[in-house]
Structures are given as structure tokens and as C-alpha cells.
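In: The following block contains a protein sequence and its predicted model.
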Amino acid sequence: MKQTVVLRVSMDGQKSFFCIIPGQEARTKAMKIAVSVPGVEAASLKGNDKDQIEVKGEGIDTVKLTTLIRKKVGHADIVSVEEEKKEEKKDEKKDEAAVQLVWSGAPSYPIYHEINQEYPFCSIQ
């Protein structure tokens, strides 16, 4: 199941767990963390202030991702989690009648066998 996860991360010189990280450095660090989580296929920055990370992949653990970013970069919120839906193609039924030959079982043909005159009701000879 493919997912698209959008996270809002404070990347404007916000204080992290150990020190104050400038904006561009925070973006770089957040992207590295997002890509390192198992199941992530693509990550990109979104939003006017480039404060959202869009992560696409299969089987992404959003709680683990958010927790890692909170520990190493700063405050992070989950904005949305969406599943990609595959469009199913509907087969159109044709109005034309189709002719199909179906053979079920062995072909039928007459079986001839001799009747034993000594034992007329026994088929074993």
C-alpha cells in the first residue's frame, strides 16, 4: 500500500534537543532523516516557507519518522497521511455474441464389445 505523508517541521532556526539549528541546515537534516526511514521512496519540500516535507513510499511508519525528526531537528506535526488509490479499469462488455465451443469430457463414440456366451451378465472374462 503506497502512502503519501505530509509533515510540518519548524525549520526557521528552531531549537533542537541539543543546539540551535539554522533554517537551511534544519531542512537538510530533516530530509536526510526522512529518506533514511525504511519504506521511503521519495521526499520533497513543500509549502510557502519550505516548512513541510512530503514523503512517498510503501509501509512508512509515520510515528517513527515524526519522533526522529522531533529528536534531531525540532518540533514536527503530522499534517496528512493518504493512501494512493489505483484506478481500476472497467471492462466494457460488447453486445456482439461470441461463439465458443466447449468440449467437456471425452469424445463420444459407440463402444462395441463381445458378450461372453458362458457368462452373459459378467463383464470380466
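Out: Right, received. Where do you want to start? Numbering: from 1, shown residues only.

In: Unless I misread the structure, A34 falls within a helix.
Out: Yes - applying DSSP: H, G, I helix; E, B strand; the rest coil, one finds A34 inside a helix.

In: For it, list the residues it contacts.
Out: Applying C-beta atoms under 8 Å, 6 or more residues apart in numbering, one finds that A34 lies in contact with L7, V40, A43, I53, V55, L65, I69. For every residue, glycine as well, the C-beta is placed using N, CA and C.

In: Give me the buried positions along the worst-scoring helix or strand of the chain on mean pLDDT.
Out: Every helix and strand in the chain was compared by mean pLDDT, DSSP states H and E; the lowest is helix 23-36, with a mean of 87. Using 16 or more other C-beta atoms under 10 Å as the test for burial, helix 23-36 gives A26, R27, K29, A30, M31, I33, A34.

In: Pick out the most distant pair among those residues.
Out: Across the buried residues of helix 23-36, no pair lies farther apart than A26 and A34, at 12.3 Å, counting by C-beta to C-beta.
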